[in-house]
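> show me the folded form of this:
(2 chains)
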2 protein chains.
Amino acid sequence: MLYLVGLGLGDEKDISVKGLEIIRQCYKVYLEAYTSLLGVDKEKLEEFYGRSLIIANREMVEQDSDVLLQDAYKTDIALLVVGDSLSATTHIDLLLRARQKGILTQIVHNASIMNAVSAVGLQLYNFGQTVSLVFFTETWKPNSIYFRIKENRDLGLHTLILLDLRINEPSFESLARGKKNYESPRYMSISHAIGQMLELEFLCGRKVYDESTLAIGVARIGSSTEKIVAGSFKQLASVDFGSPLHSLILFGHRIHILEIEYIRAYALDTEVFDALVQQQFPSVSKI
Amino acid sequence: MLYLVGLGLGDEKDISVKGLEIIRQCYKVYLEAYTSLLGVDKEKLEEFYGRSLIIANREMVEQDSDVLLQDAYKTDIALLVVGDSLSATTHIDLLLRARQKGILTQIVHNASIMNAVSAVGLQLYNFGQTVSLVFFTETWKPNSIYFRIKENRDLGLHTLILLDLRINEPSFESLARGKKNYESPRYMSISHAIGQMLELEFLCGRKVYDESTLAIGVARIGSSTEKIVAGSFKQLASVDFGSPLHSLILFGHRIHILEIEYIRAYALDTEVFDALVQQQFPSVSKI
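A predicted model of the protein is given here:
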């Protein structure tokens, strides 16, 4: 049996009782830690779970999954995933391959950023599609995210923007030389994300947002050091959000007065916030 | 301190270790059970948590929340919520009132249907806005849901449709007579939902879907008796999904070939499924 167990978002105690029981009874326990990040390290998890964990890097899960599946064919193994167990494409793909080999699977769900984002006081019903922002290079600046945000904003829906993290990524130079060296881990900050977003606006020019656009920056959501700040792009770009992971949320014009009231408590500067709300959401702010 | 603790979706063991520790240390523990449902009853929860639970009905949380907040002002209390702790508007509102009274709050997240729906093999990134379908009456058939589904489908995005549950609802007749009697609990089945959806198509006539439209019905997602079936509206309407809660998922045309491959295992009839995929998603099915 292959168990996919979600660990939640904060620390070692966010695992469910069911998930913990499974970990303790499995023959081998793999920890996948490149699609998201927990606020505590492997040693802390091992101590609390009472099990040693085998790091499963991207290659193992995506390409060499035979090792995982071979184990699961013979005995009970668990793959631990930060957040929910199925938020990333790669895990659906793994389940598909397990199924093709006749391996039984069980999913243990947990919170993911996609529902925990409600902590900022925005209704999940008012969100459109979620998007991911990757690190740009000089030659690679994918703009599909810009048009997806435009779709959400045209409909008046909020957008959750997940920011890139690169862990266990082979460096481009090493791939070119046929020898694998790994990049050092990188996490996109809100300030960096806003820079890239404004670059996309400059390149695509459809007036989807600008530096006065109201947004929320969140860091380490669901953990005890969670940080939530509301303000304009320009304001947020100057805030230090600390350690990863960071995400960014854009408001849609269907925003409800209760949502604004809740978020106001997180405003970097309440006067600026009120003025921007009045300017960007006049129909709501007059209620 | 007011703790809002998400219980997850399946049974008593889906609570997080953190949530369980909080329950055991709180002075009073309230159980809110009208916005969603767990697969086990109050007694089972009490036995496992080792605490007696006070039922918090809709009135208490939405109107008479003073009792909850008064307790939280003096001591530690927990409000347990099925699914994630913040999926419903009413909980954001409660947090807002707590904050206005200077009461500290802490949120303990968990899985909700909004992320656990990924269990069907669809990518969360490909979902548009989530909608709720309420029980129609002879005189009240709100059609906003129809136009929201249209928005998602126009963009090629999947739609998660949450089906109504009515627990602790005062009956209309009793309200008219100024005396409160409560309706018996009702849960919308997939078959009932499809009937209402087709009625909306008939009333609004924008050709958003019809009885041959491919969809997925899911019941008790995240629990050990989870049921997932893919087929046309017409096919799904004849399937017995058993106990609540039920949800319905419509595909968007941006669907990926891997998503189709995964879902195919849940088809009521693989031949019919393949034919409908070819007809409704020709560009994907030819890949």
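> CA only for contacts and neighbour counts going forward, please
OK.
> beta partners of A:Tyr30?
Beta-bridge pairing for A:Tyr30 (DSSP bridges): A:Ile54, A:Leu79.
> so it sits right up against A:Val82, yeah?
No: here A:Tyr30 lies out of contact with A:Val82, judged by C-alpha atoms under 8 Å, at a distance of 11.7 Å.
> who has more neighbours, those two?
A:Val82 (28 against 20; other C-alpha atoms under 10 Å in any protein chain shown).
> surely the more buried one meets A:Asp41?
No: the pair A:Val82 / A:Asp41 is not scored as a contact, 11.7 Å apart, by C-alpha under 8 Å.
> just the helices in chain A please.
Per DSSP state H, chain A carries helices over the ranges A:17-25, A:42-49, A:58-62, A:66-74, A:89-100, A:113-116, A:144-155, A:172-176, A:190-204, A:233-236, A:257-264, A:270-280, A:282-285.
> rank those by pLDDT, which is bottom?
Ranked by mean pLDDT, these end with helix A:172-176 at the bottom, a mean of 68.
> can you name the residue of the stretch 151-287 of chain A nearest chain B?
For the stretch 151-287 of chain A and chain B, the shortest gap (C-alpha to the nearest C-alpha) falls at A:Tyr262, measuring 6.3 Å.
> how about the nearest residue to that residue once chain neighbours are set aside, phi and psi?
Using C-alpha to C-alpha, 6 or more residues apart in numbering or on different chains and skipping the chain neighbours, the partner closest in space to A:Tyr262 is A:Gly121 (5.7 Å). Backbone torsions for A:Gly121, taken as degrees, to the nearest 10, come to phi 100, psi 10.
> may I have the beta-bridge partners of the spatially most central residue of chain A?
In chain A, the centroid-proximal residue (C-alpha atoms, centre = their mean) is A:Leu162; its distance is 4.7 Å. Going by DSSP bridges, A:Leu162 is paired in beta bridges with A:Ser132, A:Ser247.
> near chain B, which residues of the stretch 151-287 of chain A? Just list them.
Contact residues (C-alpha under 8 Å from any C-alpha of the partner chain) of the stretch 151-287 of chain A with chain B: A:151, A:155, A:157, A:222, A:258, A:262.
> in CSV: those residues, plus neighbour count.
Formatted as CSV, these follow (neighbours: other C-alpha atoms under 10 Å in any protein chain shown):
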residue, neighbour count
A:Glu151, 19
A:Leu155, 17
A:Leu157, 25
A:Gly222, 27
A:Leu258, 17
A:Tyr262, 20
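> before we move on, back to that, out of the helices of chain A, nearest to B:Ile228?
B:Ile228 sits nearest to helix A:89-100 of all those, at 15.5 Å, using C-alpha to C-alpha.
> and the closest one, which residues are buried?
Residues of helix A:89-100 classed as buried: A:89, A:91-99 (neighbour count, 16 or more other C-alpha atoms under 10 Å in any protein chain shown).
> can I get those in JSON lines with distance to chain B?
JSON lines is the format used below for the buried residues of helix A:89-100 (distance: C-alpha to the nearest C-alpha, whole Å):
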{"residue": "A:Thr89", "distance to chain B": "7"}
{"residue": "A:His91", "distance to chain B": "9"}
{"residue": "A:Ile92", "distance to chain B": "6"}
{"residue": "A:Asp93", "distance to chain B": "8"}
{"residue": "A:Leu94", "distance to chain B": "11"}
{"residue": "A:Leu95", "distance to chain B": "9"}
{"residue": "A:Leu96", "distance to chain B": "6"}
{"residue": "A:Arg97", "distance to chain B": "10"}
{"residue": "A:Ala98", "distance to chain B": "11"}
{"residue": "A:Arg99", "distance to chain B": "9"}
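> can you pick out the most distant pair from the residues you listed?
Farthest apart among the buried residues of helix A:89-100 by C-alpha to C-alpha are A:Thr89 and A:Arg99. That separation is 15.6 Å.
> circling back: for the residue nearest to the centre of chain A, which residues are in contact?
By C-alpha atoms under 8 Å, 6 or more residues apart in numbering or on different chains, the contact list for A:Leu162 reads A:130-133, A:246-248.
> same thing but at 10 Å, please
Counting by C-alpha atoms under 10 Å, 6 or more residues apart in numbering or on different chains, A:Leu162 touches A:113-114, A:130-134, A:188, A:190, A:193, A:245-249.
> one more: A:Ile263?
A:119-122, A:216, A:228-231, A:257, A:273, B:96.
> and which of the contacts of A:Leu162 is nearest B:Ile103?
Using C-alpha to C-alpha, A:Ile113 is the member of those that lies nearest B:Ile103, at 25.4 Å.
> might one say that that closest one is in contact with B:Asn115?
Yes: between A:Ile113 and B:Asn115 there is a contact at 9.1 Å, judged by C-alpha atoms under 10 Å.
> show me whatever sits in contact with both of those two.
Residues touching both A:Ile113 and B:Asn115 by C-alpha under 10 Å, 6+ apart: A:84, A:87.
> A:Ser16 contacts A:Val108, correct?
Yes: between A:Ser16 and A:Val108 there is a contact at 8.3 Å, judged by C-alpha under 10 Å.
> look at those two and report which has more neighbours.
More crowded of A:Ser16 and A:Val108, by other C-alpha under 10 Å: A:Ser16, with 30 against 26.
> and chain A, what are its domain boundaries?
A:2-111, A:114-280 (the TED database).
> which parts of stretch A:39-58 are buried?
Those would be A:39, A:45, A:49, A:51, A:53, A:55-58, for stretch A:39-58 by 16+ other C-alpha under 10 Å.
> pull the most distant pair out of those.
A:Tyr49 and A:Arg58 (22.9 Å).
> restricting to C-alpha, output stretch A:264-274 in PDB.
Taking C-alpha atoms only, stretch A:264-274 is exported to PDB below (Å, rounded to 0.1, in the frame of the first residue of the first chain):
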ATOM      1  CA  ARG A 264      -8.300  46.400   7.200                       C
ATOM      2  CA  ALA A 265      -6.700  45.100  10.400                       C
ATOM      3  CA  TYR A 266      -3.700  44.000   8.400                       C
ATOM      4  CA  ALA A 267      -3.200  47.200   6.500                       C
ATOM      5  CA  LEU A 268       0.400  48.600   6.500                       C
ATOM      6  CA  ASP A 269      -1.100  52.100   6.700                       C
ATOM      7  CA  THR A 270      -4.900  52.300   7.400                       C
ATOM      8  CA  GLU A 271      -5.200  55.800   5.800                       C
ATOM      9  CA  VAL A 272      -3.600  54.700   2.600                       C
ATOM     10  CA  PHE A 273      -5.600  51.500   2.600                       C
ATOM     11  CA  ASP A 274      -8.900  53.300   3.000                       C
END
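> do you know how far the residue of chain A found nearest chain B is from B:Val108?
Chain B sits closest to A:Ser16 of chain A, with a gap of 3.8 Å, by C-alpha to the nearest C-alpha. A:Ser16 is 12 Å from B:Val108, where distance means C-alpha to C-alpha, to the nearest Å.
> okay, and the common contacts of these two?
Common contacts of A:Ser16 and B:Val108 (C-alpha under 10 Å, 6+ apart): B:7, B:15-16, B:18-19.
> which ones, among the residues you listed, also lie beside chain A?
B:7, B:15-16, B:18-19 (C-alpha under 10 Å from any C-alpha of the partner chain).
> going by distance to chain A, which of the residues you listed wins?
Closest approach between these and chain A, by C-alpha to the nearest C-alpha: B:Ser16, at 3.8 Å.
> show me what that closest one is bridged to.
Beta bridges link B:Ser16 to A:Ser16, judged by DSSP bridges.
> pick the most buried one from the domains of chain A.
domain A:2-111 (a mean of 20; mean count of other C-alpha atoms under 10 Å in any protein chain shown).
> from the chain's centre, how far out does it sit?
Here the centre of domain A:2-111 is set off from its chain's centre by 17 Å, with C-alpha atoms, centre = their mean, to the nearest Å.
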